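In: one predicted model, sequence on top.
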Amino acid sequence: MVPQEAYITGIGMSEVGVRLARSPLGLTVDAVKEAIADAGLTLDQIDGVATYPGKMQIFLGFSPIGADELIETLGLKTRWHIGAAETTAQLGAVAEAANAVKAGLARHVICFRTVYEAAAMSRPDEFPPLERREGVTGNSQWVSPFGAFSAANWTAQFATRHMKRYGLTREQLAQVALNDHANAAINPRALVKKPLTMDEYMSARMISTPFCLYDCDRFTDASTVIIVSAGDALGEVKTTPIRIAASAGSVERYSWDQAEWASAYPTGRDLWNNTDYRPKDVDTVQLYDGFAFQPITWLEGLGFCEVGEGGAFIEGGTRIARNGALPMNTGGGQLGWGRLHGFGFAYEAVVQLRGEGGARQIPGDPRVAIATSGGGPMAAALLLTKD
């Protein structure tokens, strides 16, 4: 182990459900307790907290808990914390925590992402929906006036271009959802309980062309926690540490006049500039799939295939299956596990590298994984290794 490096030493997750009665703070505390126990630490040893995007009053269901709220609830004595949307997507919080422990600003950092969108929709008095507000601010000002309330509208444009320019087919696109559902069906914590057939996929109602119902993740209530520790603090933990070997991120425009390429492309390229590892070394990828097209952009952006060849790369689904050449989204992704909003991919990457996947564990001895989040107007990627 390298003292100057950063490692993931604990992972935790709350109950994952839809319209849960448990409060978002309660879910967060549940996930923290599990991660702390997993790492073999105590709350007294935690001296940092990181989250994305922090508490958002205008979208409480989207992000109901801030770093300061968790610090207060748990009685933490922190030396460093961060919580804001002004970072490179969800896993940017983990990258920031890695930088903090490398710089000596903290030794053990709780990184968390809590979502409560399903429950919030069922309790509008506590979590007022956007349509009750008199105006829009922030990033919403660039899309809501055009009726593009959902990221499905923005992402669908990139997918349509791939269909027109490169020949991506719906049958190829379907492989992301089919793979996610197959893996979620053997993940006891996932929302989806059974595999999906191609006939079910093709007959589903359309949401935003070319996306059907199964191409879109669903609102979920859950919290996920990743503990990042300094290399010289590994003697205090009990689990197999997973090194954060590299990270990258980028932010493009939110405005309706979108950037030509989604952020997955520059982020994927930049990841390899920060490490000696290369795509051929990677044993599994956990790629953000808020919409089924996004893993295709990540595969292309990370260089597993050329731009425009992502559809052909996953055609038939065998290459990305659990026993394939590049197992993808082995926990079920957001289309199968639930909308854990990026953090679930880092969680699953650690599970696979530790060899703790159970029925969904990929064959062999995986040692290198990639986890990503976002990929539209913002993106973040982590390269994780079992040294």
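Out: Here it is on my side, so go on.
In: so what's G338 closest to, chain neighbours aside?
Out: Counting by CB to CB, 6 or more residues apart in numbering, T220 is the residue found nearest to G338 once chain neighbours are left out, at 3.8 Å. For glycine as for every other residue, the C-beta is placed from the backbone atoms N, C-alpha and C.
In: neighbours of the one you found, just the number please.
Out: For T220, the neighbour count with other CB atoms under 10 Å is 23.
In: my guess is it contacts R19, does it?
Out: No: T220 is beyond contact range of R19, at 9.8 Å (criterion: CB atoms under 8 Å).
In: so which residues of the stretch 151-300 of the chain form helices?
Out: 151-166, 170-184, 198-203, 264-273, 294-301 (DSSP state H, counting those that start in this stretch).
In: those helices: which one's closest to K280?
Out: helix 264-273 (11.2 Å; CB to CB).
In: now the angle from that closest one to helix 151-166?
Out: 80 degrees (axes from the mean of the first three to the mean of the last three CA atoms, to 10 degrees).
In: so which elements touch helix 264-273?
Out: Other helices and strands packing on helix 264-273, by 3 or more CB pairs under 8 Å, 6 or more residues apart in numbering; DSSP states H and E, are strand 242-251, helix 294-301, strand 368-374, strand 378-385.
In: JSON lines for the ones you listed, including distance to V29 and mean pLDDT?
Out: Below are those laid out as JSON lines (distance: least, CB to CB, whole Å; pLDDT from 0 to 100):
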{"stretch": "strand 242-251", "distance to V29": "24", "mean pLDDT": "97"}
{"stretch": "helix 294-301", "distance to V29": "30", "mean pLDDT": "98"}
{"stretch": "strand 368-374", "distance to V29": "23", "mean pLDDT": "98"}
{"stretch": "strand 378-385", "distance to V29": "25", "mean pLDDT": "97"}
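In: possible to save those as CSV with mean neighbour count and distance to G138?
Out: Converted to CSV, those look like this (neighbours: other CB atoms under 10 Å; distance: least, CB to CB, whole Å):
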stretch, mean neighbour count, distance to G138
strand 242-251, 23, 14
helix 294-301, 28, 22
strand 368-374, 28, 16
strand 378-385, 28, 13
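In: make CSV from those and add distance to Y214 to it.
Out: Output for the helices and strands packed on helix 264-273, formatted as CSV (distance: least, CB to CB, whole Å):
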stretch, distance to Y214
strand 242-251, 28
helix 294-301, 14
strand 368-374, 21
strand 378-385, 23
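In: so, low pLDDT: which residues of this protein?
Out: Applying pLDDT under 70 to the chain picks out residues 1, 129-134, 256-258.
In: pick out the residue nearest the middle of it.
Out: Taking CA atoms, centre = their mean, the centroid of the chain lies closest to G342, which sits 1.3 Å from it.
In: quick check, F149 in contact with N139.
Out: No: look at F149 against N139 with CB under 8 Å: they stay out of range, at 11.8 Å.
In: what about G138, how many neighbours?
Out: Under the criterion other CB under 10 Å, the count of neighbours that G138 has is 11.
In: ok, and the closest non-adjacent residue to it?
Out: I58 (7.2 Å).
In: I'd say the one you found and T137 touch.
Out: Yes: here I58 reaches T137: they are 6.9 Å apart, a contact under CB under 8 Å.
In: more neighbours: the two, which one.
Out: Neighbour count, other CB under 10 Å: between I58 and T137, I58 has more, with 13 against 9.
In: buried ones in the helix or strand harbouring M121?
Out: Secondary structure assignment for M121, by DSSP states H and E: helix 117-122. Buried residues in helix 117-122, counted by 16 or more other CB atoms under 10 Å: E117, A118, A119, A120.
In: mind putting these in JSON lines, distance to P266 included?
Out: Compiled in JSON lines, the buried residues of helix 117-122 are given as follows (distance: CB to CB, whole Å):
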{"residue": "E117", "distance to P266": "28"}
{"residue": "A118", "distance to P266": "32"}
{"residue": "A119", "distance to P266": "35"}
{"residue": "A120", "distance to P266": "33"}
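In: which one of these sits closest to K193?
Out: Looking across the buried residues of helix 117-122 and measuring by CB to CB, the closest to K193 is A118, at 16.8 Å.
In: quick one: that closest one from G61, how far?
Out: 8 Å (CB to CB, to the nearest Å).
In: equivalent analysis for L353, please.
Out: L353 is 32 Å from G61, by CB to CB.
In: could you do L168 as well?
Out: 32 Å.
In: what's the answer for I110, then?
Out: Taken as CB to CB, the span from I110 to G61 is 22 Å.
In: so R107 sits against G231, correct?
Out: No: the pair R107 / G231 is not scored as a contact, 10.0 Å apart, by CB under 8 Å.
In: contact partners for the residue nearest to Q175 when sequence neighbours are not counted?
Out: Nearest residue to Q175, sequence neighbours excluded (CB to CB, 6+ apart): G317, at 4.2 Å. Contacts for G317 (CB atoms under 8 Å, 6 or more residues apart in numbering) come out as Q175, L178, N179, G324.
In: at 7 Å instead, please
Out: Shown in contact with G317 (CB atoms under 7 Å, 6 or more residues apart in numbering): Q175, L178, N179.
In: what bridges to G374?
Out: A379 (DSSP bridges).
In: am I right that G10 is in a helix?
Out: No: counting by DSSP: H, G, I helix; E, B strand; the rest coil, G10 is not part of a helix but strand.
In: gap between the helix holding M121 and the chain center?
Out: 20 Å (CA atoms, centre = their mean, to the nearest Å).
In: helices or strands up against it?
Out: With contacts defined as 3 or more CB pairs under 7 Å, 6 or more residues apart in numbering; DSSP states H and E, helix 117-122 has no helix or strand neighbours.
In: I36: which element?
Out: Short version, using DSSP H and E: I36 is in helix 24-39.
In: and that helix, how far out from the chain middle?
Out: Relative to the centre of its chain, helix 24-39 is centred 18 Å away, using CA atoms, centre = their mean.
In: can you dump the C-alpha coordinates of it into CSV?
Out: Provided in CSV are the C-alpha atoms of helix 24-39 (Å, rounded to 0.1, in the frame of the first residue of the first chain):
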residue,chain,number,x,y,z
PRO,A,24,-33.9,10.5,3.9
LEU,A,25,-31.8,11.3,6.9
GLY,A,26,-32.6,7.9,8.4
LEU,A,27,-31.6,6.2,5.1
THR,A,28,-28.4,8.1,5.1
VAL,A,29,-27.5,7.1,8.7
ASP,A,30,-28.3,3.5,7.8
ALA,A,31,-25.9,3.5,5.0
VAL,A,32,-23.2,5.2,7.1
LYS,A,33,-23.5,2.6,9.8
GLU,A,34,-23.1,-0.2,7.3
ALA,A,35,-20.1,1.4,5.7
ILE,A,36,-18.4,2.2,9.1
ALA,A,37,-18.9,-1.5,10.1
ASP,A,38,-17.6,-2.7,6.8
ALA,A,39,-14.4,-0.7,7.2
